[in-house]
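Novice: starting from these lines, generate the structure:
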Amino acid sequence: MKKPFIALTIGLVLTGCSNAEIINSSAQSVDAAVPIEEKLIDSEVAEQPIKKETPQENTDSIEKKDEVIKVVSNSDDLLVLVNKKNTLPEDYEPSDLVAPNIPFSFEEDIPKRYVRKAAAEALEELFAAAKEEQIELLGASGYRSYSRQEAIFASNVAKKGEKEARRVSAEAGQSEHQTGLAMDVTSKYVGYDLIEEFGETKEGIWLKNNAHKYGFIIRYPKEKEDITGYIYEPWHIRYVGKDVATVIYENGYTFEEYLAQR
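Specialist: Residues are numbered from 1 along each chain as shown. From the prediction side, this is the model:
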């Protein structure tokens, strides 16, 4: 794995389901895929450098629209629950972000190439196993800062309306990408995109059936939107460790369901 080195990237223009990053895979150049949260952005959203200090955790609650959203106090826990009721502190950034040695759908050394060390090591194992079985996977988006998610969500609301935006996009602080434990995965068979059809490809099927062996879960499964709060995302995997991932896989749980029955 590479040691972290993040260059400030200015002028990242996102349009539709792709952006201006260049893919170099099998000597073929195509538009890089971006997470579904980013699909509607057509303005410049800069990737900010990764800070190295460890922030203080906030244990307060936020009152919003007649509901209480908990600010988690265990941000660094590998089993931290981040969703619409549990938000990360605004200044939270993992202190152990590294770039896993896996192929990506872009070349730049930017924040979304990074994940936490444990997740990076597991990703390398997962990708190596996939390659042995002629399964071609590429990383598309890992770590994402609070401020970047804030811009993404605001743009989605402006373009789609708040109700629809909330089905496909997280508010700032409520995105798993900020934990550094999530990675969006894609393949050439869906045009390096992040779409539901990925789940029907041999890559998507392999990922669903094997991710748990390396400590990952499909975080937003099909027909579980009422529990997770988000539409089916067969490309979004979350690191929880092999033991927990296996229990979730074998029982068909969502992460919320697993934590509720512990």
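Novice: let me know the secondary structure of residue 122.
Specialist: helix (DSSP: H, G, I helix; E, B strand; the rest coil).
Novice: so it makes contact with residue 214?
Specialist: Yes - between residue 122 and residue 214 a contact is recorded at 4.9 Å, counting by CB atoms under 8 Å. C-beta coordinates here come from the backbone N, C-alpha and C atoms, glycine included.
Novice: which element is the residue nearest to residue 199 when sequence neighbours are not counted on?
Specialist: Distances taken as CB to CB, 6 or more residues apart in numbering put residue 234 closest to residue 199, at 3.1 Å, once the chain neighbours are dropped. In this structure, residue 234 sits in strand 233-239 according to DSSP states H and E.
Novice: pull up the pairing partners for that strand, direction included.
Specialist: Next to strand 233-239 in the sheet, as set by DSSP bridges, lie strand 182-186 (antiparallel), strand 216-220 (antiparallel).
Novice: so what's the residue nearest to residue 199 up against?
Specialist: Neighbour list for residue 234: 196, 198, 199, 204, 207, 208, 218, 222 [criterion: CB atoms under 8 Å, 6 or more residues apart in numbering].
Novice: related to what we said a few turns ago, dump the strand holding residue 234 to CSV, keeping only the CA atoms.
Specialist: Taking Å, rounded to 0.1, in the frame of the first residue of the first chain, the C-alpha atoms of strand 233-239 are listed here in CSV:
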residue,chain,number,x,y,z
GLU,A,233,-26.4,-0.2,-4.2
PRO,A,234,-24.6,-3.4,-5.2
TRP,A,235,-21.4,-1.5,-5.7
HIS,A,236,-21.1,-0.1,-2.2
ILE,A,237,-19.1,-2.3,0.2
ARG,A,238,-18.4,-1.6,3.8
TYR,A,239,-15.6,-3.1,5.9
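Novice: about what we covered before: have a look at residue 122 and residue 214 and say which one is more surrounded.
Specialist: residue 122 (26 against 22; other CB atoms under 10 Å).
Novice: pull the contacting residues for the more buried one.
Specialist: 214, 215, 216, 239.
Novice: which one of these has the most neighbours?
Specialist: If you rank the contacts of residue 122 by neighbour count (other CB under 10 Å), residue 239 sits at the top with 30 neighbours.
Novice: apart from its neighbours in sequence, what residue is nearest that one?
Specialist: Residue 239's closest residue in space is residue 119 (CB to CB, 6+ apart), at 3.9 Å.
Novice: with residue 225 instead?
Specialist: Per CB to CB, 6+ apart, closest to residue 225 is residue 231, 5.8 Å.
Novice: pLDDT wise, what is the one you found at?
Specialist: If you check residue 231, the pLDDT there is 94.
Novice: what's residue 187 in contact with, if anything?
Specialist: Per CB under 8 Å, 6+ apart, neighbours of residue 187: 136, 137, 138, 198, 201, 203, 204.
Novice: now flag whichever of those residues is closest to residue 153.
Specialist: residue 198 (22.6 Å; CB to CB).
Novice: what is the burial count for the residue lying closest to the closest one once chain neighbours are set aside?
Specialist: With CB to CB, 6+ apart as the criterion, residue 198 has its nearest non-adjacent residue at 4.4 Å, and that residue is residue 204. Using other CB under 10 Å, residue 204 has 24 other residues around it.
Novice: is residue 204 within a helix or a strand, and which one?
Specialist: Remark: residue 204 resides in helix 202-210, with elements defined by DSSP H and E.
Novice: between that helix and strand 233-239, how many degrees?
Specialist: Helix 202-210 runs at 40 degrees relative to strand 233-239, counting by axes from the mean of the first three to the mean of the last three CA atoms, to 10 degrees.
Novice: tell me the buried residues in helix 202-210?
Specialist: 203, 204, 206, 207, 208, 210 (16 or more other CB atoms under 10 Å).
Novice: next: stretch 100-108.
Specialist: Those would be 100, 102, 104, 105, 106, 108, for stretch 100-108 by 16+ other CB under 10 Å.
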